[in-house]
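Participant: Give me the fold of what follows.
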Amino acid sequence: MLNGKSILITGGTGSFGHRYTSTLLERYDLKRLVIISRDELKQYDMEMKFKKNKNYSPKIMRFFIGDVRDQARLKEAMRGIDIVIHAAALKQVPAAEYNPMECIKTNIHGAENVIKAALANDVGKVIALSTDKAANPINLYGATKLASDKLFVAANNMSGGRTKFSVVRYGNVVGSRGSVVPLFERLISEGAKQLPITHNEMTRFWITLQEGVDFVLKNMKRMQGGEIFVPKIPSVRIVDLAKAMSSKLPLKIIGIRPGEKLHEIMCPSDDSHLTIEFSDHFVIIPSIVFFSRKNNFTSNSIGEIGEFVKQGSEYNSGTNPHFLNVDEIKKYNNRL
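Facilitator: Okay, here's the model as predicted:
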């Protein structure tokens, strides 16, 4: 599928970019793999890391210093690119609450710039990474990602069918930078006397980096353009996560942080009339009509068949039928 292709990853020096890059180099014979991000030190560290990879080649892997806020730089970086994975984002919920305009510039204006650069270069496919926080958002980060999702879906009406745009939405990535697992690991290693919990009933969807990467790769095959892909993944109770990481330390309830939800949603009930269930994932189809084509989203490009969910149903981390217990969380976290 990807052999001989040129791929660009925005925000490619993050947790997802590292795992995605290693997976692509291991599985495919790429023409080019372009990493574009703002931080030259992270790019240097990433290059040093991947030079040790047996599949690394400087002819294949390229690094561009650039910002998704800079449309001209994106247009330069996307020359000759077949597929774009848009992973760049400001994603820390409390930071976004206190720095709203910076979050808007990166997550909304940046999405617009990615779309315009892709259209200008006739890129074949664009997949944008989203978040469960974009469903019924109550924080600024989620609101910006919802706006971003809408931009990528609507972009299919701007492409004339040449470029296909889709979105992948999933939950908390186990062990990603700035997430709760590295925080607990650091506190435990530093000899903390207790672990901070925002609320004893809080739940989250749970997915490993590799599962996220594999889901994106699978959806490159599935996509027709305009879908929001949502994986079926387990939930965890944060108190169980803390127990799985340290059964000895007591928990301290510190209160819900600015912009934080008790439970996350990936498929809102308000979108149930647009939600199709497949064996291992959901698809939220566009609410708008595409002028250049008509799609039957109940079947995808690889022949999988789905059906619409019941009206009013919701995919919620608090009511998810699949919860991990403490032992299962330990095993899950060991898969990092």
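Participant: alpha carbons only for contacts and neighbour counts from here, please
Facilitator: Will do.
Participant: Contacts only, for residue 173.
Facilitator: 179, 206, 207, 208, 209, 212 (C-alpha atoms under 8 Å, 6 or more residues apart in numbering).
Participant: Can you give me the pLDDT of it?
Facilitator: Per-residue pLDDT puts residue 173 at 88.
Participant: do residue 191 as well
Facilitator: Residue 191 is given a pLDDT of 90.
Participant: Is residue 97 part of a helix or strand, or is it coil?
Facilitator: Applying DSSP: H, G, I helix; E, B strand; the rest coil to residue 97 yields a three-state assignment of helix.
Participant: now do residue 59
Facilitator: Put simply, residue 59 is coil when judged by three-state DSSP.
Participant: Not counting sequence-adjacent ones, nearest residue to it?
Facilitator: Distances taken as C-alpha to C-alpha, 6 or more residues apart in numbering put residue 32 closest to residue 59, at 7.3 Å, once the chain neighbours are dropped.
Participant: In this structure the one you found contacts residue 2, no?
Facilitator: No - the criterion here is C-alpha atoms under 8 Å, and residue 32 misses it with residue 2 at 10.5 Å.
Participant: residue contacts, the residue nearest to residue 59?
Facilitator: Counting by C-alpha under 8 Å, 6+ apart, residue 32 has contacts 5, 6, 7, 59, 60, 61, 62.
Participant: Filter those residues down to the buried ones, PyMOL style.
Facilitator: In PyMOL syntax, the buried subset of the contacts of residue 32 is picked out as below (16 or more other C-alpha atoms under 10 Å):
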select buried, resi 5+6+7+60+61+62
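Participant: Using TSV, lay out the contacts of residue 32 together with distance to residue 163.
Facilitator: Formatted as TSV, the contacts of residue 32 follow (distance: C-alpha to C-alpha, whole Å):
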residue	distance to residue 163
5	15
6	15
7	14
59	26
60	23
61	23
62	23
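Participant: Report the lowest-confidence entry in the contacts of residue 32.
Facilitator: Where pLDDT dips furthest among the contacts of residue 32: residue 59, at 89.
Participant: Just want to check the distance between that one and residue 43.
Facilitator: 16 Å (C-alpha to C-alpha, to the nearest Å).
Participant: What of residue 205?
Facilitator: Counting by C-alpha to C-alpha, the gap from residue 205 to residue 43 is 30 Å.
Participant: Near the spatially closest residue to residue 15 that is not a sequence neighbour, how many residues? Count them for me, please.
Facilitator: For residue 15, ignoring the flanking residues on the chain, the nearest one in space by C-alpha to C-alpha, 6+ apart is residue 176 at 5.7 Å. Neighbour count for residue 176, taken as other C-alpha atoms under 10 Å: 16.
Participant: And residue 41, by the same measure?
Facilitator: 10.
Participant: buried residues in the helix or strand hosting it?
Facilitator: In this assignment (DSSP states H and E), residue 41 forms part of helix 40-51. Burial within helix 40-51, assessed by neighbour count using 16+ other C-alpha under 10 Å, is assigned to 43, 46, 47, 50.
Participant: Next one: the second one from residue 139, what distance?
Facilitator: Distance, residue 46 to residue 139, using C-alpha to C-alpha: 32 Å.
Participant: now do residue 188
Facilitator: Relative to residue 139, and taking C-alpha to C-alpha, residue 188 is found at 29 Å.
Participant: Check residue 261 too.
Facilitator: From residue 261 over to residue 139 (counting by C-alpha to C-alpha), the distance is 9 Å.
Participant: Quick check: bridge partners of the residue sitting nearest the centre point of the chain?
Facilitator: Note on the chain: the residue nearest the mean C-alpha position is residue 129, at 3.5 Å, using C-alpha atoms, centre = their mean. Counting by DSSP bridges, residue 129 is bridged to residue 168.
Participant: contacting residues for it?
Facilitator: Taking C-alpha under 8 Å, 6+ apart as the test, what residue 129 contacts is 85, 86, 87, 167, 168, 169.
Participant: now the strands: where do they sit in the stretch 201-336 of the chain?
Facilitator: Secondary structure of the stretch 201-336 of the chain (DSSP state E, counting those that start in this stretch): strands at 203-207, 228-231, 235-237, 251-253, 265-267, 275-277, 281-284, 307-308, 315-316.
Participant: how about the ones you listed, which one is nearest residue 124?
Facilitator: For those, the distance to residue 124 is smallest for strand 228-231, at 17.6 Å, taking C-alpha to C-alpha.
Participant: How far off centre is that closest one?
Facilitator: Average the C-alpha atoms of strand 228-231, do the same for its chain, and the two points are 10 Å apart (C-alpha atoms, centre = their mean, to the nearest Å).
Participant: Which strands border that strand, and is each parallel or antiparallel?
Facilitator: Partners of strand 228-231 in its sheet, by DSSP bridges: strand 164-170 (parallel), strand 281-284 (antiparallel).
Participant: CA-only coordinates of it in CSV, if you can.
Facilitator: Output of strand 228-231 as CSV, limited to C-alpha atoms (Å, rounded to 0.1, in the frame of the first residue of the first chain):
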residue,chain,number,x,y,z
ILE,A,228,-14.2,10.4,11.3
PHE,A,229,-12.8,7.0,12.3
VAL,A,230,-13.2,5.9,16.0
PRO,A,231,-11.7,2.7,17.3
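Participant: which residues touch that strand?
Facilitator: Residues contacting strand 228-231 (C-alpha under 8 Å, 6+ apart): 149, 166-170, 215, 219, 266-267, 280-285.
Participant: Thanks again, I'm all set now.
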